[in-house]
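> Predicted model and sequence below, questions to follow.
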Amino acid sequence: MAETPQRLMLLDTASLYFRAFFGVPDTMKAADGTPTNAIRGLLDFIARLAENHRPTHLVACWDDNWRPSWRVALIPSYKAQRVEFVTAAGDQVEDVPDRLEVQVPYIRATLEALGIAIVGAADHEADDVIGTLTHRAAMPVDVVTGDRDLFQLIDDSRGIRIIYTAAKGVGRADVLDEKALLAKYEIPASRYADFATLRGDASDGLPGVKGIGEKTAASLILAYGDLDAIRKAAADPGTPMSASVKRKILDASDYLDVAPKVVAVATDAPVGSFDATLPTEVKDPERWLDLVELLELGGSAQRVMTALNLGPKT
């Protein structure tokens, strides 16, 4: 029998459990009233992903800091609109629906009990963990996310793809490689971070260059190659760039001095050693069964066990 080709799957975990929370009916709850739609939805997502893409290695990447201090120091508006309150110790608490917030510890507990690696990094987002693990990977990588920021990681030469859930959901997610990204944005994946810097992203508090949308950003990258070249062309009276675009680029100089570092996914986050190999058996059967019973996970527990080939159904 031929050996299964190795492939690492990296989950943007928060992206997936938020999607589960808003996509799965909130009538799902345990006997004690604890909501379980995000928990069950995430387990179902993992089952579907494992069945569709057959990873040999799997990591649930975690936001140890959803708003890293070093990004905020560069652009104070970064994700500022998502801050619910600041604690006495100075920790910034993200605005998360109460019915989702109560499920997050259970999500972590179920993944731990199953034996799926959960990996975060101090003062870094899950995106940075994904970037770092992708950079280190010695095998092809599938990144599962609804976040466009991670498009910058696509690399056909290394087999790095994005399984993009935002458009069609997890079951029919778009699998994006360099060809697909070029068709979508008319830019190479290697220049996506520059494109995103110019365009900005209001949902992340990144203003972009005022008056520069996706089409203009793409045309500038196609014409000049990268952000540094675009900025040089804007400052050069002899280039054919229109006067209005030059002015917009020059007026955004302060933003463009710092934004590339904020937009770029880190590839050197302090990620420790761990085993990403798919579990062959449930790591903590007693804890797993307790959680299945407590949260009444039923079919979702059965489906993920079957998809991961973890033995008898619960």
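Alright, I've got the coordinates. These numbers come from a predicted model, not from an experiment.

> list the buried ones in whichever strand or helix holds residue 299?
According to DSSP states H and E, residue 299 maps onto helix 298-307. By 16 or more other C-beta atoms under 10 Å, the buried positions in helix 298-307 come out as 300, 301, 302, 303, 304, 305, 307. The way it works is simple: take the backbone N, C-alpha and C, and place the C-beta from them, glycine included.

> before we move on, what about stretch 6-26?
7-21, 24.

> in this structure, which spans are helices?
Ranges of helices in the chain, per DSSP state H, are 13-23, 37-53, 69-74, 98-101, 104-114, 126-136, 178-185, 192-199, 214-224, 227-235, 243-251, 253-263, 285-295, 298-307.

> Need the residues that contact the fourth one.
In this case it means helix 98-101. Contacts of helix 98-101 with the rest of the structure, by C-beta atoms under 8 Å, 6 or more residues apart in numbering, involve 17, 18, 21, 26, 35, 38.

> at 6 Å what do you get?
Identification of contacts with helix 98-101 by C-beta atoms under 6 Å, 6 or more residues apart in numbering yields 21, 35, 38.

> circling back to that earlier point, any chance of the buried residues of helix 298-307 in JSON lines with pLDDT and distance to residue 105 as columns?
Converted to JSON lines, the buried residues of helix 298-307 look like this (pLDDT from 0 to 100; distance: C-beta to C-beta, whole Å):
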{"residue": "300", "pLDDT": "97", "distance to residue 105": "17"}
{"residue": "301", "pLDDT": "97", "distance to residue 105": "17"}
{"residue": "302", "pLDDT": "96", "distance to residue 105": "23"}
{"residue": "303", "pLDDT": "97", "distance to residue 105": "22"}
{"residue": "304", "pLDDT": "97", "distance to residue 105": "18"}
{"residue": "305", "pLDDT": "96", "distance to residue 105": "21"}
{"residue": "307", "pLDDT": "96", "distance to residue 105": "23"}
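
> before we move on, the earlier item: just list what the helix holding residue 299 packs against, helices and strands only.
Helix 298-307 sits against helix 37-53, with contacts defined as 3 or more C-beta pairs under 6 Å, 6 or more residues apart in numbering; DSSP states H and E.

> what's the helix it packs on packed up against?
Applying 3+ C-beta pairs under 6 Å, 6+ apart, one finds that helix 37-53 contacts helix 13-23, helix 104-114, helix 298-307.

> go again using 8 Å as the cut-off
strand 8-12, helix 13-23, helix 104-114, helix 298-307 (3 or more C-beta pairs under 8 Å, 6 or more residues apart in numbering; DSSP states H and E).

> Residues contacting the first one, please?
This means strand 8-12. Against strand 8-12 from outside (C-beta under 8 Å, 6+ apart): 46, 49-50, 53, 55-61, 126-127, 129-130, 133-134, 137, 139-147, 150, 276.

> nearest to residue 270, of the helices and strands packed on helix 37-53?
strand 8-12 (16.8 Å; C-beta to C-beta).

> Direction included, what does that closest one pair up with?
Looking at strand 8-12 with DSSP bridges, its partner strands are strand 57-61 (parallel), strand 141-145 (parallel).

> quick one, the first one and helix 126-136 angle?
Spelled out, it's strand 57-61. For strand 57-61 against helix 126-136, the angle by axes from the mean of the first three to the mean of the last three C-alpha atoms, to 10 degrees is 150 degrees.

> Burial check on the nearest residue to residue 110 once chain neighbours are set aside, number of neighbours?
Leaving aside its sequence neighbours, residue 110 sits nearest to residue 291 (C-beta to C-beta, 6 or more residues apart in numbering; 5.4 Å). Neighbours of residue 291 under the rule other C-beta atoms under 10 Å: 21.

> need the contact list for residue 291.
Residue 291 makes contact with 106, 109, 110, 113, 297, according to C-beta under 8 Å, 6+ apart.
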